[in-house]
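Colleague: My questions are about this predicted structure, shown below with the sequence.
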Amino acid sequence: MRTKISQITQKDIGKEFKIMGWIKSSRISKNFSFIEINDGSCFNNLQVILNSDIPEYEFITSKITTGASVSIIGDLVKSQGKEQAFELVAKKINILGECDPEKYPLQKKRHSFEFLREIAHLRARTNTFGAIARVRNTLAFATHEFFQQKGFLYINTPIITAADCEGAGEMFRVSTLDPENLPKTDKNNIDYKKDFFEKPAYLTVSGQLEGETYACALSDIYTFGPTFRAENSNTSRHLAEFWMIEPEMAFADIKDNMNCAEDYIKHCIKSVLEKCPQDIEFFNKFISPGVIDKLKNVLAQPFERLEYTKAIEILKNSTKKFEYSVEWGTDLQSEHERYLAEEHFKKPVILYNYPAHIKAFYMRQNDDGKTVAAMDILVAGIGEIIGGSQREERLDILEAKMDKMELDKQSYWWYLELRKYGSVPHAGFGLGFERLVQFVTGMENIRDVIPYPRYPGHCDF
């Protein structure tokens with residue numbers, strides 16, 4: 001029976017184990033050899049000692065190269081060295097998969113993240129990307145754990161949709177029509193009646209609208225799935241395909257929304273610090289010095305809650321030179337968001353009550369007629385990590401806003417009907433999962449916190 005390296009502790013000294021993994025490094029000599037094995041279950045390698053009395057010692061050591069996969073049976077003993085508490089003395093070793101040391105692209109040296117994106121099928125074997133994968137897994141589990149403990153129901157919203165949640169139109173089209181021979185109507189428009197869905201269809205930018213329909217029947221729900229944006233954004237913060245966590249709460253207002261979002265972020269950070277200490281220590285030492293203190297600071301105090309109007313005053317009165325100027329009514333840029341979280345308040349900030357004209361049609365209009373009950377959470381190093389709002393539950397006001405924004409109400413007929421049949425106050429938010437992974441690990445580029453990044457000009461693997 002195979003045992004994963006993460007399951008072996010100092011208490012197991014004296015026991016026999018069978019391990020399987022990949023060779024990270026080796027030191028070969030005539031009488032004995034040392035190899036470092038990792039199976040991905042934890043950050044630390046397991047040191048294995050091969051004595052020359054093992055059958056076929058010379059043949060085996062000729063095949064022990066970085067990247068090769070092995071199966072080893074041996075006894076766990078107390079280590080004579082200072083680097084580890086225990087090591088495995090091999091009694092039997094099998095080479096499962098050889099690896100040509102001349103061609104293997106992952107040598108024992110530092111590789112740039114740009115280079116590793118070119119070999120994304122292998123980069124999970126590096127210390128950095130193995131740690132990212134484990135942190136990402138912990139954050140995903142913590143997400144389900146948080147919402148399940150609070151009685152939310154997990155639902156799956158469509159990936160293919162005819163509704164544009166954001167109203168921005170930057171969506172990937174889904175079609176079975178032949179682009180070289182498009183059917184046309186009498187008016188020379190594309191005849192979507194000949195398409196698979198008989199209407200224009202797209203990859204979803206958000207599961208929010210569909211999520212609202214279930215919240216208005218089941219009270220509290222959340223989605224966790226892939227979303228897509230056809231934005232030509234070549235930045236360290238944007239992807240064309242990414243994962244979103246989107247809770248929706250019936251009988252909730254903007255304050256309930258803020259409380260839930262803050263509690264959720266803190267729960268995720270606490271889980272990572274508890275369950276991935278080796279990985280986070282690696283990030284703190286080699287990737288983003290101070291990231292552990294940053295995460296502990298998030299847990300130590302309440303988030304700052306600040307109205308948009310007050311934030312504009314702070315930014316205008318700041319002595320910091322911004323690339324983009326700020327005036328009431330403008331959308332904040334990343335530099336503004338990061339200044340508020342990193343320099344002014346030195347902790348996460350929840351901005352709320354934004355100007356209506358810079359926010360989506362579904363956000364609830366405040367009594368002043370100028371602002372909506374929208375909220376964003378800003379954190380150091382990232383800027384906006386969560387965006388949400390109280391949803392507009394009043395049919396007449398929602399229809400008036402859609403008319404003003406020139407949205408086709410017929411396309412949203414089912415969404416509007418929620419406001420006709422037992423409408424209730426409700427709220428929700430969306431968190432880009434990759435930005436959360438970025439924040440927790442301190443990784444600079446969002447392309448490095450998802451296994452296979454999709455961005456303009458890149459759809460490999």
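Modeller: Perfect, I can see it now. Computed from a prediction, not measured in an experiment: that's the story for all the values here. Numbering: from 1, shown residues only.
Colleague: where along the chain do the helices fall?
Modeller: Under the criterion DSSP state H, the chain contains helices at 57-63, 113-118, 127-149, 208-218, 254-275, 277-282, 291-300, 308-317, 334-338, 395-404, 413-417, 433-441.
Colleague: just those helices: most buried one?
Modeller: Highest mean neighbour count of those: helix 433-441, a mean of 25 (counted as mean count of other C-beta atoms under 10 Å). C-beta: built from backbone N, CA, C; applies to glycine.
Colleague: and for that helix, what are the contacting residues?
Modeller: With contacts defined as C-beta atoms under 8 Å, 6 or more residues apart in numbering, helix 433-441 is touched by 131-132, 135-136, 139-140, 143, 224, 237, 239, 242-245, 265, 268-269, 272, 280, 283, 287-288, 291, 295, 379-382, 384-385, 443-444, 446, 449-450.
Colleague: List just the one of the helices of the chain that sits closest to P101.
Modeller: Shortest distance between P101 and the helices of the chain, using C-beta to C-beta, is found for helix 57-63: 10.2 Å.
Colleague: okay, and for this structure, where does confidence drop off?
Modeller: Low-confidence segments of the chain, defined by pLDDT under 70: 165-169.
Colleague: and if we set it to 90?
Modeller: Scanning the chain for pLDDT under 90 picks out the ranges 55, 80-84, 107-110, 162-170, 231-238, 408, 411.
Colleague: What residue in it is the furthest from its centre?
Modeller: Distance to the chain centre peaks in the chain at D53, reaching 48.6 Å (criterion: C-alpha atoms, centre = their mean).
Colleague: can you list the helices of the chain in a markdown table and add distance to P105?
Modeller: As requested, these are exported to a markdown table (distance: least, C-beta to C-beta, whole Å):
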| stretch | distance to P105 |
| --- | --- |
| helix 57-63 | 19 |
| helix 113-118 | 8 |
| helix 127-149 | 13 |
| helix 208-218 | 41 |
| helix 254-275 | 30 |
| helix 277-282 | 21 |
| helix 291-300 | 28 |
| helix 308-317 | 46 |
| helix 334-338 | 34 |
| helix 395-404 | 53 |
| helix 413-417 | 49 |
| helix 433-441 | 23 |
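Colleague: Looking at those, which is nearest to H357?
Modeller: Taking C-beta to C-beta, helix 395-404 is the member of the helices of the chain nearest to H357, at 9.1 Å.
Colleague: just checking, what packs against that closest one?
Modeller: With contacts taken as 3 or more C-beta pairs under 8 Å, 6 or more residues apart in numbering; DSSP states H and E, helix 395-404 sits against helix 413-417.
Colleague: Centre of the chain to the helix it packs on, how far?
Modeller: The chain centroid and the centroid of helix 413-417 are separated by 31 Å under C-alpha atoms, centre = their mean, to the nearest Å.
Colleague: Alpha carbons of it, as CSV, please.
Modeller: Provided in CSV are the C-alpha atoms of helix 413-417 (Å, rounded to 0.1, in the frame of the first residue of the first chain):
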residue,chain,number,x,y,z
TRP,A,413,-38.1,38.8,-19.3
TRP,A,414,-37.5,35.9,-16.8
TYR,A,415,-35.2,38.1,-14.6
LEU,A,416,-37.9,40.8,-14.5
GLU,A,417,-40.6,38.3,-13.5
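Colleague: and that helix, what other elements does it pack with?
Modeller: Using 3+ C-beta pairs under 8 Å, 6+ apart, helix 413-417 sits against helix 208-218, helix 395-404.
Colleague: Redo the ones you listed as CSV? Include distance to E87.
Modeller: CSV is the format used below for those (distance: least, C-beta to C-beta, whole Å):
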stretch, distance to E87
helix 208-218, 51
helix 395-404, 66
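Colleague: that older thread, can you check which of the helices of the chain gets nearest to N44?
Modeller: helix 277-282 (6.1 Å).
Colleague: Tell me which residues are up against that closest one.
Modeller: Under the contact criterion C-beta under 8 Å, 6+ apart, helix 277-282 has outside partners 42-44, 127-128, 131, 134-135, 272-273, 291-292, 295, 440-441.
Colleague: Kindly report the same for stretch 300-315.
Modeller: By C-beta under 8 Å, 6+ apart, the residues outside stretch 300-315 that reach it are 258, 262, 322, 326-328, 332, 336, 339-340, 344-345, 347-355, 371, 377.
Colleague: Need the buried ones from those residues selected in ChimeraX.
Modeller: Filtering the contacts of stretch 300-315 down to the buried ones (16 or more other C-beta atoms under 10 Å) takes a single ChimeraX command:
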select :258,262,326,332,336,339,340,344,345,347,348,349,350,351,352,353,354,355,371,377
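Colleague: mind listing which of the contacts of stretch 300-315 are in strands?
Modeller: With DSSP state E as the criterion, strands contain 349-355, 371, 377 from among these.
Colleague: of all the residues you listed, which comes closest to K420?
Modeller: Nearest to K420 among those is T371, at 25.9 Å by C-beta to C-beta.
Colleague: residues in contact with I5?
Modeller: By C-beta under 8 Å, 6+ apart, the contact set of I5 is 19, 21, 37-39, 41-42, 44-46.
Colleague: returning to that earlier point: closest one to Q390 out of the contacts of helix 277-282, please.
Modeller: Nearest to Q390, judged by C-beta to C-beta, of the contacts of helix 277-282 is V440 at 27.7 Å.
Colleague: how close does that closest one sit to I377?
Modeller: 14 Å (C-beta to C-beta, to the nearest Å).
Colleague: S6 now?
Modeller: Going from S6 to I377 by C-beta to C-beta gives 33 Å.
Colleague: For K320, give its distance to E335.
Modeller: Distance, K320 to E335, using C-beta to C-beta: 9 Å.
Colleague: One more: E36?
Modeller: Taken as C-beta to C-beta, the span from E36 to E335 is 43 Å.
Colleague: ditto for V372
Modeller: Relative to E335, V372 is positioned 24 Å away (C-beta to C-beta).
Colleague: And H426, by the same measure?
Modeller: 33 Å.
Colleague: and stretch 342-356, how far apart are its ends?
Modeller: In stretch 342-356, first residue to last residue: 26 Å (C-alpha to C-alpha, to the nearest Å).
Colleague: Nearest residue to G211 in space, please, no chain neighbours.
Modeller: In space, and not counting its chain neighbours, G211 is closest to E248: 4.4 Å by C-beta to C-beta, 6 or more residues apart in numbering.
Colleague: Spit out the contact partners of the one you found.
Modeller: Contact analysis of E248 by C-beta under 8 Å, 6+ apart lists 208, 211-212, 214-215, 220-222, 426-428.
Colleague: Tell me which of the helices and strands packed on helix 413-417 lies nearest to P183.
Modeller: Taking the helices and strands packed on helix 413-417 one by one with C-beta to C-beta, helix 208-218 is closest: 29.3 Å.
Colleague: Contacts for the closest one, please.
Modeller: Residues outside helix 208-218 that contact it (C-beta under 8 Å, 6+ apart) are 153, 155, 157-158, 161, 163, 165, 221-223, 246-250, 362, 391, 412, 414-415, 418, 422-424, 426, 428, 430.
Colleague: how about 6 Å then?
Modeller: Contacting residues not belonging to helix 208-218 are listed as 153, 155, 157, 163, 165, 221, 223, 246, 248, 250, 415, 418, 426 [C-beta atoms under 6 Å, 6 or more residues apart in numbering].
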